[in-house]
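Asker: Give the three-dimensional model of this entry:
(chains A and B)
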Amino acid sequence: MTDLSKIRNFSIIAHIDHGKSTLADRLIQHTGGLTEREMSEQVLDNMDIEKERGITIKAQTVRLNYTAKDGETYELSLMDTPGHVDFAYEVSRSLAACEGALLVVDAAQGVEAQTLANVYQSIEHDHEILPVINKIDLPAAEPDMVKQEIEDIIGLPADDAVLASAKAGIGIEDILEQIVQKIPAPGGDRDAPLKAMLVDSWYDPYLGVVILVRVIDGVLKKGLNIKFMQQGSQHLVDRVGCMRPKIEHLPELGPGEIGFITAQIKEVSQTAVGDTITTVKGGAAEPLEGFKEVQSVVFCGLFPVDAADFEKLRESIGKLRLNDASFTFEMETSAALGQGFRCGFLGLLHLEIIQERLSREYDLDLITTAPSVVYRMLLNDGSEQFLHNPADMPDIMKIAQIDEPWIKATIYCPDDYLGAILKLCQDRRGIQVDLTYVGGRAQLTYELPLNEVVFDFYDRLKSISRGYASFDYEQIGLREGNLVKMNIMVNSEPVDALSMIVHRDAAEARGRHMCERLKDLIPRHLFKIPVQAAIGGKIIARETIAAMRKDVTAKCYGGDISRKKKLLDKQKKGKKKMREYGNVSIPQEAFIAALRMGDEG
Amino acid sequence: MNPSLALYIHWPFCVSKCPYCDFNSHVRGQVDQRVWLDALLADMRHEAALTQGRTLGSIFFGGGTPSLMPPATVEALIAQAEKLWGFEDNIEITLEANPSSVEAARFADLAKAGVNRVSLGLQALDNDALEFLGRAHDVDEGLAALGTAQQHFGRVTFDLIYARPDQRAKEWEAELARALSFGTTHLSLYQLTIEPGTRFATLVRQGKFTPADDDEAADLYALTQDMTLAAGLPAYEISNHAAPGQESAHNLAYWRYQDYAGIGPGAHGRRRTKATQRHKKPENFLSAITRNGNGLAHEDTLDSRTQAMEALLMGLRLREGIDIDAMAGRFGLTSQQMIDWDAFTKLRDIGLIEYRKPQLTVTPNGMPLLDAILPEVVNL
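Answerer: Numbers count the residues shown, from 1 in each chain, chains lettered A, B, ... in the order given. This is a model prediction of the structure:
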């Protein structure tokens, strides 16, 4: 067991590219966690996607033993936290497991907007924040200016900020010293009933489900019968350990310690982030605060481009789900796209990550239908129904009211972009709640309907603020909306995969846009094709794809038959790749491109 | 009685290559006439031996530029063809000719050699257009050649290429009206097509010119149908127009999917179930003749479905269409195996195709859309 006073738990806050992973690697190396040879670049971000995008999806942790200048050996736990709003809840749980944070700021670039939101989250958790000015060996480094920025913009004293270069190994010792001296040791009572927070979990092919925990009170040991207080399930602990970052088995985890356990659990879905782990016998009376049920907020259909790949898709989704319980899926059949799955995600980034992993790790070509949020339908008969898929919308005559989820969004941005961002929020039916200035930056609070956000809000925000705006949101419940289902009809037949739920005021513009797009995307046929957007029986937008007028081989004699035959074979193969809708063959690309839209720009 | 046979003779040489042409044509400084005559005669003997008992209904000298052949060569080939197969009474012997003064000077001899129909590559009645098309003659020279041809041959037809870049309806209307005034009983009117591998394909890719768009071309096509019909030369095939009875018997043999022997470089033939193709490159053709006594590069057996498919591709180009039951019988198939009747019904309802027993026909409105109609209705 480690004396509580010798434990330090901390996370690292940094803007992308400001050197978080390099610094983490360096800390591990300096404390002897890995030899030079064992260091693959960026040890903590395991997945290819994490490395490429520079984002962390799964919380990672590493325990370091550091002998400080006072002669004592300290046990440091570095927690690498996810860094995107889609994973805001996971972030909050990771932060709740720490007592402090390193704030890493690039000496040349200064404080970036995105960092602010994370700093404030950290401050909310009462963390001791240690500024680290990184990359001071760059010619463009201006440490004094950056210190000033940290004080002005964030409001943290920066006199003691460590000047470091993770790459060159400068200042590493100072950082470790400050961690020991300034970050408070955790509290906790070894003799109290066990209370440990389930921080994260993942599936390991050799160990089964591995659970990352932070012990608050009591002791976690091998052979202990434990209970997940929220889930209600019971398990037998069969391994206890920590990551260094290699796995090291330990006899126990005491209060204040971060480590992992395994408990013969087969599926990640049996573990809930934020759950409280206690003992079956003599367990804690109350669970830890702050637990939230993970709920999918964005849904979309995933269909294989090649219908023959359906089974492969089913298998692949099943495998992914083993390691990511936060997405849900069920079978869906679309007349346009065939068989696929309706999947639920924490947010758009989460959606993209899953989609990308399916295509990358499982080699699948996918069509993704327009993302949708979950609506509540209050029906005339007094019943209510939650709608995940616009295609399942009940008859409009039966609906008394439709409620849509709203969020409270917090946006930090430099002044210069405020105007454009206000307009964006306004265009998306936002209601301004608050606008304050922190240093030279604005903090904007808006209430927004989630369905206006899921399309491309985040991308638009990033693009109009050149990446400077940060965005964070929390759900604030359902509100009645003037919402309608818009059908897209091609040659008078509704195309299920293209139907969507929109606000009545936005319906016409979106319908028109969709019709225009489809007009360009659907090739001309032998007959003219009306493309219509309709609400109920009312057509709100219409375009017509003119009939094809000429497609003929002018000259065809004896010698030309072979060529013509090849052309015909090719045409017939091409037709097989199209989806037939009201006699109209719609190429796959048309679905993909039409669904990607949402940029009304 | 055996059905008659059509004979195609390919002469692969041209003085220069036209920028739109993707036919098997080659420019050679020297052509050894003796060697080529012997080679074609040998190739002909090979085909004749395999088609014993058939008589010829037509011969077609195509190219290349067959009007560059010495009339004696043409005469020798016709004479041997008659000896090998025998001719039907009203045999049609066509030769493609360039409308230049040099070639016109040979028309009398070619007529004496047995040619009774010429097809003149006039291509345009506008000097700028002729230059664009890379033709050596101008309008006056072309029309003089047409006059000479009409003196010497019982039947004369000529080709025009329209739907040229930026060609307006008014301009084409005037050009076509003039073309119809010369009193020929047959016309081939082709819309300009940019074929892969041609000079035009390169120019289009380089952005040097833009081909007419399909809508404009469709307008010109409709105008062409109206004018030729009014002039008594209705379309009997997509690009071919004739006074009744003046259709090209040789080309009808292709479109009606009858047998044709094809000799000379690159020539295709259909001999019952066999599809034949000669070596395309003149030198390879000659060495095949030396080696094997014939110029064959491929001879493949077509199964009945493939034959039926070819018959549909060709037959539906004709205004007369096809006798679907007779054709199904010929290939041992049912009409359901050949035609998707559901698709047929959809297209019939929008006026693109019709079935008046026994003929299945693409309507005049459907003709310019044939390439889009075929994949819908052909079930094979």
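
Asker: tell me the centre residue of chain B?
Answerer: Taking CA atoms, centre = their mean, the centroid of chain B lies closest to B:Asn251, which sits 5.9 Å from it.

Asker: right, and it touches B:Tyr236 too?
Answerer: No - with contact defined as CB atoms under 8 Å, B:Asn251 does not reach B:Tyr236; the gap is 9.5 Å. The C-beta positions use only the backbone N, C-alpha and C, and glycine is treated the same way.

Asker: what helix or strand does the residue located most distally from the centre of chain B sit in?
Answerer: Here chain B reaches farthest from its C-alpha mean at B:Asp342, the gap being 32.6 Å by CA atoms, centre = their mean. B:Asp342 belongs to helix B:341-349 when assigned by DSSP states H and E.

Asker: B:Glu197: what's it in contact with?
Answerer: Careful, residue B:197 is Gly; it's not Glu. Contact analysis of B:Gly197 by CB atoms under 8 Å, 6 or more residues apart in numbering or on different chains lists B:Asp22.

Asker: Shouldn't it be within a helix?
Answerer: No - counting by DSSP: H, G, I helix; E, B strand; the rest coil, B:Gly197 is located in no helix; its state is coil.

Asker: measure it to A:Asp160 for me?
Answerer: Relative to A:Asp160, B:Gly197 is positioned 75 Å away (CB to CB, to the nearest Å).

Asker: for the chain, what helix or strand is lowest in average pLDDT?
Answerer: With no chain named, the answer covers chain A. For chain A, the helix or strand with the lowest mean confidence is helix A:48-53, at a mean of 51 (criterion: mean pLDDT, DSSP states H and E).

Asker: should've been chain B
Answerer: The least trusted helix or strand in chain B, going by mean pLDDT, DSSP H and E, turns out to be helix B:101-104, with a mean of 91.

Asker: Would you mind identifying the next helix or strand past it?
Answerer: In the C-terminal direction, the helix or strand that comes right after helix B:101-104 (DSSP H and E) is helix B:107-113.

Asker: And the strands in the stretch 1-150 of chain B, which stretches?
Answerer: Along the stretch 1-150 of chain B, the segments classed as strands by DSSP state E, counting those that start in this stretch run B:5-11, B:56-63, B:87-97, B:117-123.

Asker: The nearest residue to A:Ala192 once chain neighbours are set aside pairs with what?
Answerer: Sequence neighbours aside, A:Asp217 is the residue nearest to A:Ala192 in space, at 3.8 Å (criterion: CB to CB, 6 or more residues apart in numbering or on different chains). Following DSSP bridges, A:Asp217 is listed with bridge partners A:Lys195.

Asker: Might you enumerate the residues of the stretch 401-550 of chain A proximal to chain B?
Answerer: Residues of the stretch 401-550 of chain A that fall close to chain B, judged by CB under 8 Å from any CB of the partner chain: A:525-527, A:546, A:548-550.

Asker: Going through the residues you listed, which ones are buried?
Answerer: Burial by neighbour count, 16 or more other CB atoms under 10 Å in any protein chain shown: within these this picks out A:525-527, A:548-550.

Asker: neighbours of whatever residue of the stretch 151-300 of chain A ends up closest to chain B, just the number please.
Answerer: Of the residues in the stretch 151-300 of chain A, the one nearest chain B is A:Cys300, at a distance of 33.2 Å by CB to the nearest CB. A:Cys300: 26 surrounding residues under other CB atoms under 10 Å in any protein chain shown.

Asker: Can you name the residues that contact it?
Answerer: Taking CB under 8 Å, 6+ apart as the definition of contact, the neighbours of A:Cys300 are A:342-343, A:345, A:351, A:368-372.
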